[in-house]
Structures are given as C-alpha cells and as structure tokens.
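**Q** I would like the atomic coordinates for the input below:
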Amino acid sequence: MPICRVAIPRGAVNIEALTDHEWLLTNGVGGYSSGTLTGAISRRYHGLLVAALPNPIGRTVMLNTVVESLPAESIRRFELDGGIPVWWYEIGDATVRKRIVMPHRQNTVVIEYSVSHARAPVALRLAPAVHFRGYEAPVSEPLHDTYVCERIADHYEIGTTGLPPLRIATEGAVTFTRREERRDQIMFAVEEARGFRARGGLWSPGTFAADLSAGESIALIASTEPVDVASAMSAAEMFDLEHERKRRLLSLAAASATHGDVEGQLVIAADQFIIQPVGRVRDTLRALAVGDELRTVVAGYHWFTDWGRDTMISLEGLTLATGRHREAAFILRTFAHYVRDGLIPNLFPDGSDEGLYHTADATLWFFHAVDRYTRVSGDDNLVRAILPTMRAIVEAHMRGTRFAIGVDPMDGLLRQGAEGYQLTWMDAKVDGWVVTARRGKAVEINALWYNALCLLSRWERDFGDAERSHTYTAEARRVRASFNRRFWNPKRGYLFDVVDGPDGDDDACRPNQIFSISLPNPVLDDARWGDVLGVVREKLLTPVGLRSLSPDHPDYKSRYFGDLRARDAAYHQGTVWAWLIGPWIDAWLRLHPADTKGARSFLDGLIAHIPEFGVGSIAEIFDAEEPFTPRGCIAQAWSVAEVLRCLGGLRAVG
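**A** Sure, this is the predicted structure:
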C-alpha cells in the first residue's frame, strides 16, 4: 500500500508544526473524520465523526474529539497507510499505535489503540466530547441542555432532541466511568485566524479506561448507524476491509501500490471526493429505477459540497485516470438529469435536494467531461442518450438563458453577467460585493463555448443530424474568427480577460487565457500560442500552480489571509490555484509536444506538498509568493484530479 509519511525530527516535537498538518478520512456518502496530527481541534469542521445525515439535516458533527491521556509531545511518527492515519507514541519504554478508519458508506468511525514493547501496562484514558451541530454552524453555538448518555445492552448512546443518537461501543478490556462534564471556552485557532467566532464548548459523558500490556489492543467505535450495522464487524475486520477496498482501487487504476508511490497516494486521495449522496433520497430512487446509481463529487474538504464546475473539471482525473469509468457515467447522467434552461447546477447546498444554477461555465465544462469520458472509455452510448440534452443546452445559450447568459448575435461570442452574481470560476462574493464580476464576454467562457460547439458538431455528425452538424460547425467558425479578432491585445501581447464589459475591455493578465490553447479544440490561432504562454510563464507560473492575477496589477494580493472579506479580496486576485497546473501543462505540450520531461517538472512543487497541510492530498490554493503557504481547503478535488491526470498522461507518452 502507498505510504505517505510526515517527517517528525528526533528530539523535541514541534507541536505547532504538527497542528498545522491535518488528516482526513471519508466514508463515500459525504461524511468524514478529520483533525490535526496533535489531536487538537482547530476548525469548526474538525470532528472524529462528521456524519452525512438525510436531508434536510445534512452533514453534522456528532463526535468532536476524544480527549486522550497520550500527550502530543510523545508522537514519534505519523503516516497514512493506504489512506488510513496511523500514529506512534512513545510513553516511557512503551510504544502505542493509534489508527482510525471509517467503514465505507457508513457514518461510523473506529479508533484503535495497541501497545508494543512495554515492560509495564500503559494506562489509557479516553474521554469522548461532543457538540452536536451542523458542520457549518459556528463553534459558539450553544450546547444542548438535553444531552443524555444511556447504556443500552453492550453500548452507550448519547442523545439529544432532533438528531439520531451517537452510539459508542468498545472492544477489549475497557471500563467506563460516568462523569458528565462541560468544557467551555475552548479556542479553535483556525476559526480565530479566519475572523470567525472561535470559542466554543464540548460535553463529555465520562471516561473510558484501559490498562494495556504489550500485544494488547482496544477500540472505540462511534456511529449513527443502527446497532446491527455498526456492530456487524469487528474493528480489525473494518481495517482489513478498508485496506482491501483500497487495493482494489489501486488495481483498477493500474497504479503501483509500492511504498512512496505518488500516483498510488493520489488514487487514494481521489477516492475521497467521489460519493453516493445518501441525503438526496428522491434522486437516489430515481437513479436506481433506471438502473443507475447516484454519484457526485465533493469539491473540497472541509466545507464544499458538490459543485457542477468542479465535478466536470475533476471528472477525468478522479474517475477516468483511475479506471472508474462506470462511476464517471453515473456522474454525467446524474448531472444531465438536473439540466434546467440549458444549465447544469452550480452547486447543491448541504441538506438540500435543489441545485443552484448561477454559473456560466459549469455547463460548458459538462461538454468537455462528456467528450473525455467517451474518448477514454470508448462508450458512445452515453452521448447517444444525452445528445438531445446537449443540443438543447446549446440552443438555450444561443437564444439566451438565465443570468444574462447568451450569444451576442453581432459576433457569436457568449456573454454573461447579472448584477450581484458571480458566474465564472472566479466567484468570490462577500457582503454583496462580487470581487471579480467579469461581466461581459470572458475569455475562458468563449474558449469553452467554441469547444462545446465543435464537440456538438461532431456528435451530431456521428449520432444525430448532418444538417445540424453543419450549422454548429459554421457557428464555431464564426466564434473562432470573432475570438481572435476581439480578444487579442496587441499592446500587451496576450489576451484580454473580458471584452465588452461594463467598463470596456479588461486587460488584466490572468490565467483564464490558457484555456484558449489547452482545450481539445483550441480557439486561439496557433501563431499566438508562444506569446501567450511566454507571458503566463513569466507573470503567473509558480511551483504550485498559476497565480490568478499578475503581480504588476494594482489589485494584486500576495497573501490569502485574514478575515472573510480580506480573504475573498485575495481569492482570485493573485492567489495561486493548484488545479490550473493541468491546463498549463496541456497548453505547454501543445506548443512543445516533445517536452514531456519539462512538463513533468511543473508538477514537482505540488508533489513535494503532498505530505503537508492536508496530509496525502493537495490543497485548494497557495499564497502567491514564497514560501507559497497552502491555504483554503486541505483537500481539493480538482487539485488532486489535475495532478493525477497529468501524471498518468505523461507516463503514458513516455
């Protein structure tokens, strides 16, 4: 199995550094378990069991932490063993191993402790602490006054009104001492740094205790599942079965499972984002009725749900590069079902069955994802089935649809922009302020529009109507001519970011222009590829992705830090986005097709980043200047997907 190890120097343990590293487990239905390497809970999103409960409840923190008698200073080693977090502590002459697993598709977490090399028994004291609340709720939300802990048969149940109980069972020689305790004024350091309410409370029912000799182990099993589900397997079986599931994923992806294998680590990281959203019962039943299974992609952990844009951009790396073609088809059919007025949803809010549609690009990325699926899988049946939907999408865009998204009849270019909405991927909005509104004709929107027209023309030719194919081909040619006439900025030597905006043409140097080269049907004349890539390399390329704005722009921000307004002001105004390394490499290879070695070198910084921040995964964003501190989500779907896709593609071509 792939091992991802965090280097812990001998001698004094750097507690601050370990607290900056976080681990993540997911359960395949939207729930997760996550915290810092020291065990400190520094975010509202941290919890040993964040359960995915049926709508309208959504993701809920059910077990915040277990206060342990193992001091953080005694940590000597941490690693992800096939994605399973494992700690080694040295307590005197004894070594204690702790590991955690979430059984697939269960709202259950298992925490196991075992002892080796001990001359005398090791005293373990474990106090579960809870604050049942929605995972987005502030930590300052008042504790329930009605927590009750009852022993029922061979387990304990912690309950309060309005939520399912948390069931805690143990394995091994464990005793429980009831001592209800409320712990107030706990500081959540990351919440404080992010400008949110940062002090909260926890409630504990008492302490589990065990004295373990060498070779002995115990386990705590916490779950919101029915008793017969949560107790169906032993702790050891749950660890073994999760390792077996990971081995199958690696085999399916044809990725080596040897120690230190980067692709193997990323295959396991990719699995964390692909879920069966059990909360959407109606949609699950609809999918099953036609022989499908509901699948979607969580855009990032901890706070994102499933987003249409992120799903379509991530699809190739998460599913096609990992051999999960069947699930890719499920995802695409799921989103095809949600098309409204020519748009796929921008996102599904947590706890809701209804999507929000304020996006100008997610639907165009849908065309790209369908194309990649058919090319990689060789399955044309999906295109045949959804061709009427794809045709209706293009026709809706040509007529004009929601949020002022529609084709300008004067030049065939796609314009978008409604007051107060952020419709492109640069979508920061705070207190009614849309930071990068980009209203008008955005460069990547029109590159995607051209690509979609080319794809639909081919699909109509192969599976539909030849006359329609000719119509879409002619429209694509018109778009290409208009694009090269309107977007080229001869003064700057690169592409305008937006033309025909409320304030005219925007000459900000942004990474969006690379999509005019990187997409399968590049809209930019090849004579200008070198100029664009030269500017992007000089002003935007970093070791961990592309800056979202050139440093010479007056709105440039070098750090993503501070309260919500400060962070959103920097989100797309300089901050580096890891996922953009994928289209950068695509564009680079289009201009330099033989330079696979050079293309591979663009991934080195992100590969080196894997054992830090969200250990075993890749962050959402980074500061725009050295030391390129990772920020945002600790694990982001399109960051992982694009690195994994590029690694596989570069390996395939030599």
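
**Q** residues touching residue 77, list them.
**A** Contacts here follow CB atoms under 8 Å, 6 or more residues apart in numbering; on that basis residue 77 touches 5, 8, 87, 88. C-betas here are computed from N, CA, C, even on glycine.

**Q** Quick one: the residues you listed as CSV, columns for neighbour count, pLDDT and secondary structure too.
**A** Supplementary listing: these in CSV, determined by neighbours: other CB atoms under 10 Å; pLDDT from 0 to 100; DSSP: H, G, I helix; E, B strand; the rest coil:
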residue, neighbour count, pLDDT, secondary structure
5, 16, 92, strand
8, 18, 87, coil
87, 22, 97, strand
88, 17, 96, strand
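
**Q** okay if I get these as TSV plus distance to residue 194?
**A** Formatted as TSV, those follow (distance: CB to CB, whole Å):
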residue	distance to residue 194
5	29
8	27
87	27
88	32
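
**Q** Surely residue 533 is in a helix?
**A** Yes. Counting by DSSP: H, G, I helix; E, B strand; the rest coil, residue 533 is part of a helix.

**Q** how near is it to residue 584?
**A** Using CB to CB, to the nearest Å, one obtains 8 Å as the distance from residue 533 to residue 584.

**Q** Give the intersection of the neighbour lists for those two.
**A** The contact sets of residue 533 and residue 584 overlap at residue 514 (CB under 8 Å, 6+ apart).

**Q** quick one, which of those two is more surrounded?
**A** Between residue 533 and residue 584, counted using other CB atoms under 10 Å, the more crowded position is residue 584 (25 against 21).

**Q** Next, give phi and psi for that one.
**A** phi -60, psi -50 (degrees, to the nearest 10).

**Q** surely it meets residue 602?
**A** Yes. The criterion here is CB atoms under 8 Å, and residue 584 meets it with residue 602 at 6.7 Å.

**Q** list the residues that contact both of those two?
**A** The overlap between the contact sets of residue 584 and residue 602 (CB under 8 Å, 6+ apart) consists of residue 541.

**Q** pLDDT weak spots in this structure?
**A** By pLDDT under 70, the low-scoring segments of the chain are 255-260, 279, 351, 654.

**Q** Okay, the residue positioned nearest the centre of it and residue 637: tell me how far apart.
**A** Computing the C-alpha centroid of the chain and ranking residues by CA atoms, centre = their mean puts residue 300 first, at 2.4 Å. Using CB to CB, one obtains 6 Å as the distance from residue 300 to residue 637.

**Q** who touches both of these two?
**A** Between them, residue 300 and residue 637 share these contacting residues under CB under 8 Å, 6+ apart: 273, 310.

**Q** Name the helix or strand for the closest residue in space to the residue nearest to the centre of the chain that isn't next to it in sequence, please.
**A** Computed as CB to CB, 6 or more residues apart in numbering, the closest residue to residue 300 that is not its neighbour in sequence is residue 633, at 3.5 Å. For residue 633, there is no host helix or strand (DSSP states H and E).

**Q** wait, residue 633 sits on residue 302?
**A** Yes. In this structure, residue 633 is within contact of residue 302 by CB under 8 Å, at 6.8 Å.

**Q** Now residue 312. Nearest residue, chain neighbours left out?
**A** Nearest non-adjacent residue to residue 312, counting by CB to CB, 6+ apart: residue 365, 3.6 Å away.

**Q** give me every residue that touches that neighbour.
**A** Counting by CB under 8 Å, 6+ apart, residue 365 makes contact with 308, 309, 312, 313, 448.

**Q** quick one on the thing from earlier: for residue 541, state which of the contacts of residue 77 is nearest.
**A** Out of those, the one with the shortest distance to residue 541 is residue 5. That distance is 29.2 Å, counting by CB to CB.

**Q** Now do the closest one against residue 631, distance only.
**A** Residue 5 sits 23 Å away from residue 631, taking CB to CB as the criterion.

**Q** how's this protein carved up into domains?
**A** Residue ranges of the domains in the chain are recorded as 3-250, 295-652, according to automatic domain parsing.

**Q** Would you mind finding the most buried of those?
**A** domain 295-652 (a mean of 20; mean count of other CB atoms under 10 Å).

**Q** Return the distance of it from the chain's centre.
**A** Centre-to-centre, domain 295-652 and its host chain are 15 Å apart (CA atoms, centre = their mean, to the nearest Å).

**Q** May I have the distance across that domain, first residue to last?
**A** Between the opening and closing residues of domain 295-652 there is a gap of 28 Å (CA to CA, to the nearest Å).

**Q** Tell me how far residue 277 lies from residue 348.
**A** Noted for residue 277: a distance of 8 Å to residue 348, by CB to CB.

**Q** Find residues that contact each of those two.
**A** Residues touching both residue 277 and residue 348 (CB under 8 Å, 6+ apart) are 296, 306.

**Q** what sits against the closest residue to residue 298 other than its chain neighbours?
**A** When the adjacent residues along the chain are set aside, residue 298 lies closest to residue 273, with 5.0 Å between them (CB to CB, 6+ apart). Residue 273 makes contact with 26, 297, 298, 299, 300, 314, 318, 635, 637, 640, 641, according to CB under 8 Å, 6+ apart.

**Q** right, and the third one touches residue 637 too?
**A** Yes. Assessed by CB under 8 Å, residue 298 is found in contact with residue 637 at 6.6 Å.

**Q** any idea how far residue 312 is from residue 301?
**A** In this view, residue 301 and residue 312 are 19 Å apart by CB to CB.

**Q** And residue 196, by the same measure?
**A** Taking CB to CB as the measure, residue 196 falls 31 Å from residue 312.

**Q** one step back: just the contacts of residue 77 now: which is nearest residue 235?
**A** Residue 235 has its nearest neighbour among these in residue 87, at 16.0 Å by CB to CB.

**Q** Tell me if I'm right that residue 263 and residue 650 touch.
**A** No. Proximity of residue 263 to residue 650 does not meet the contact threshold set by CB under 8 Å, at 10.7 Å.

**Q** Next up, phi/psi of the residue nearest to residue 403 when sequence neighbours are not counted, please.
**A** Using CB to CB, 6+ apart and skipping the chain neighbours, the partner closest in space to residue 403 is residue 418 (4.2 Å). With angles defined as degrees, to the nearest 10, residue 418 sits at phi -120, psi 140.

**Q** OK, contacts around residue 418?
**A** 402, 403, 404, 439.

**Q** Please flag which of those residues sit within strands.
**A** Judged by DSSP state E, strands contain none of the contacts of residue 418.

**Q** I'd like those residues as JSON lines, with distance to residue 157 appended.
**A** Converted to JSON lines, these look like this (distance: CB to CB, whole Å):
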{"residue": "402", "distance to residue 157": "47"}
{"residue": "403", "distance to residue 157": "48"}
{"residue": "404", "distance to residue 157": "53"}
{"residue": "439", "distance to residue 157": "54"}
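
**Q** Among the residues you listed, give me the pair with the biggest separation.
**A** Counting by CB to CB, the most remote pair of the contacts of residue 418 is 402 and 439, 14.3 Å apart.
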